[in-house]
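Novice: sequence plus predicted model, see below.
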Number of protein chains: 2
Amino acid sequence: MLTNRMPDDPQYYIKGVLEGNRRILAKTITLIESSHPSHYDLAGTIVDQILPNTGKAVRLGVTGVPGVGKSRFIESLGIMLVDKGHRLAVLAVDPSSRRSGGSIMADKMRMEKLSIEPNAFIRPSPSGTTLGGVARKTREAMLVCEAAGFDVIIVETVGVGQSETEVSSMVDFFLVLMLAGAGDEYQGIKKGVLEIADAVAITKADGGNIENAGKARREYESALHIIAPPSQTWSPPVVVCSALEMKGINEIWDIVIDHRNKMTESGELEKNRKKQMVNWMWALIKEGLKERFFGNPDVKRLLPKMIRDVENGIKAPTVACAELLFFLDNKSFGYKKHA
Amino acid sequence: MLTNRMPDDPQYYIKGVLEGNRRILAKTITLIESSHPSHYDLAGTIVDQILPNTGKAVRLGVTGVPGVGKSRFIESLGIMLVDKGHRLAVLAVDPSSRRSGGSIMADKMRMEKLSIEPNAFIRPSPSGTTLGGVARKTREAMLVCEAAGFDVIIVETVGVGQSETEVSSMVDFFLVLMLAGAGDEYQGIKKGVLEIADAVAITKADGGNIENAGKARREYESALHIIAPPSQTWSPPVVVCSALEMKGINEIWDIVIDHRNKMTESGELEKNRKKQMVNWMWALIKEGLKERFFGNPDVKRLLPKMIRDVENGIKAPTVACAELLFFLDNKSFGYKKHA
């Protein structure tokens, strides 16, 4: 762990990031990901000060269940982008990940070709006990990557829990990767994920799978038609692609750029980002209030029995809530309000 | 308003409700809906004490956009249920409603035949500044109706905001009414509503509309197949009905009972209700924490500028959140922690 060898002057990090120094960028993200309280404050200061230098990148979210070929897809797209002269950062939100030297290696390995590109920066998912924590860290990592001059940020996530919603709330474009094939309406679609898709790509459309992919494309097109009615500016397209044969990858990037141009012109890009920033603040406040509640020793002590009593219809939820909040109000700072 | 003439002895209400006294039942619900602080405590005590007498009713949620024929449908179903010997309470969750003599009259009017049935009890939506408030009041009203001996509770809602999710979280069966006809994939389906449906009914399947209704039925069947994969116990059916011709109403009730039997047998009914009670407690706690935050004078004073600064990228959300929570912690009780 680097945590004990981190300089505590915010200017060290800010200057390094703005100069595009990769080593200091990596260190800054380590700081953001650290759970040490002093690092938390330092990271806050850094992010706050680099803010004016952020916002210029294309922010692209990519999701798909394991087996959909996400790494391969991102690598193919990434290499194409680097070839076009872009500077690309790939970040991950995986609430189930555990940070270790091993997982970093695994991550570099799985995007072998992209990871050696000097204009690509790959960072595995931070660890965290809550998705909120993981998402906060990734948002901040995204901002410092932008400040360091990366002009495309890909945030990838696995189809776990609410991670798609978290990722879609920090990007401009949300791409859902889907696998064609029998039975995949049961394994492939998670509740709500199509509703937040800006595009759906059917992967692995190569070899004997081309026909299936085309069929899946038509199915998702009609499903999207019902689930996510097109706005005036955008209706989510469904495309097929093959990372193996580099087919459809260019087309997907064209879609991202087309979306960006239309949303910029209509003013929705700017509006959406402002909304995302404020929503992010609300999410942090919610998280903070929750921590205060669950961290309260009286609440901790009383909660298990309260839950049992509510579950078994012995205590009304209203009464349980009133009792818990009473303890929070009166004893949280070690004194009694009505003493 | 009755608020000044309410007895303050909880036993008055509890006894009246358990005896099935309609006048006292109505008064108890008025108490639950009151925003007077002393009424809040009294209502809490009453609900807590009648809890052991609740849980026996069939809890049915019904939603549909305006124009779908919701009142007519509920009235037809209600009259059929009363004819079968059931005792029926109809409650509403409408976050946009404003309580007044007028709206009560309007509500009675719109279910003219049902409202004069002695075994039916119709209560319009309580008013409330937040959906959480409206939903809390309706949940508690549902419990006292059960304690008063009503064995079917219909909770209806309009397709506004998150009201469907709120209603589906308090019932055993959630029925979505849909209108057939051109273009209704654009007006009829709200994000996520099909995902929480236990059944979909295409209304107004009469006269020249029968063919359209059949077509809509097939469309929704294939959409549901993709959106809401069937569980082992239940796969949501799509039916057509006509309240005008009393067609399909019986069939829908059979579906509700079939669902109930299967869910009871599998243990999911019990499990689901326990989960609903605990989730209700969490919702109340969340609401309570939010009230404490927004009610804090320092937060109130600082918030508007904070939001502007975050929106405009002047202040990082992390920093804004830390500042606001600092004020909440240190000054909420009028003293400074580090003074």
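Specialist: Everything's here; your move.
Novice: following element in sequence after the worst-scoring helix or strand of chain A on mean pLDDT, please.
Specialist: None of the helices or strands of chain A scores lower by mean pLDDT, DSSP states H and E than helix A:184-187, at a mean of 46. Toward the C-terminus, helix A:184-187 is succeeded by strand A:199-203 as the next helix or strand (DSSP states H and E).
Novice: and the helix or strand that comes right after that following strand, what does it pack onto?
Specialist: Toward the C-terminus, strand A:199-203 is succeeded by helix A:210-227 as the next helix or strand (DSSP H and E). In this structure, helix A:210-227 makes packing contacts with strand A:173-179, strand A:199-203, strand A:238-240, helix B:210-227, judged by 3 or more CB pairs under 8 Å, 6 or more residues apart in numbering or on different chains; DSSP states H and E. From N, CA and C alone the C-beta is placed, and that goes for glycine too.
Novice: what about residue A:67, neighbour count?
Specialist: Neighbours of residue A:67 under the rule other CB atoms under 10 Å in any protein chain shown: 11.
Novice: my guess is residue A:198 meets residue A:235, correct?
Specialist: No. Contact criterion CB atoms under 8 Å: residue A:198 and residue A:235 do not qualify, at 9.7 Å.
Novice: pick out whichever of the two has more residues nearby.
Specialist: Neighbours of residue A:198 and residue A:235, each counted by other CB under 10 Å, are more numerous for residue A:198; the result is 22 against 13.
Novice: tell me the contacts of the more buried one?
Specialist: Listed by CB atoms under 8 Å, 6 or more residues apart in numbering or on different chains, the contact partners of residue A:198 are A:173, A:174, A:175, A:234, A:236, A:259.
Novice: doesn't residue A:308 fall inside a strand?
Specialist: No. Counting by DSSP: H, G, I helix; E, B strand; the rest coil, residue A:308 is not part of a strand but helix.
Novice: measure it to residue A:320 for me?
Specialist: According to CB to CB, to the nearest Å, residue A:308 stands 10 Å off from residue A:320.
Novice: so between these two, which is more surrounded?
Specialist: Neighbour count, other CB under 10 Å: between residue A:308 and residue A:320, residue A:320 has more, with 25 against 13.
Novice: can you list contacts of the helix or strand containing the more buried one?
Specialist: Using DSSP H and E, residue A:320 sits in helix A:317-331. Residues from elsewhere that reach helix A:317-331 (CB under 8 Å, 6+ apart): A:292-293, A:296, A:298-299, A:302-303, A:306, A:309-310, A:336-338, B:43-45, B:47-48, B:136, B:140, B:277-278, B:280-281, B:284-285, B:288-289, B:292.
Novice: rewinding a little: how about the helices and strands packed on helix A:210-227 in CSV, adding mean pLDDT?
Specialist: Below are those laid out as CSV (pLDDT from 0 to 100):
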stretch, mean pLDDT
strand A:173-179, 92
strand A:199-203, 93
strand A:238-240, 94
helix B:210-227, 83
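Novice: what about the residue in the stretch 1-150 of chain A that chain B sits nearest to, how many residues nearby?
Specialist: Closest to chain B within the stretch 1-150 of chain A is residue A:48: 4.2 Å, counting by CB to the nearest CB. Residues within reach of residue A:48, counting by other CB under 10 Å, total 20.
Novice: show me where chain A has helices.
Specialist: Taking DSSP state H as the criterion, chain A carries its helices at A:10-18, A:22-33, A:37-50, A:70-83, A:101-110, A:112-115, A:131-147, A:163-168, A:184-187, A:210-227, A:249-266, A:268-295, A:297-311, A:317-331.
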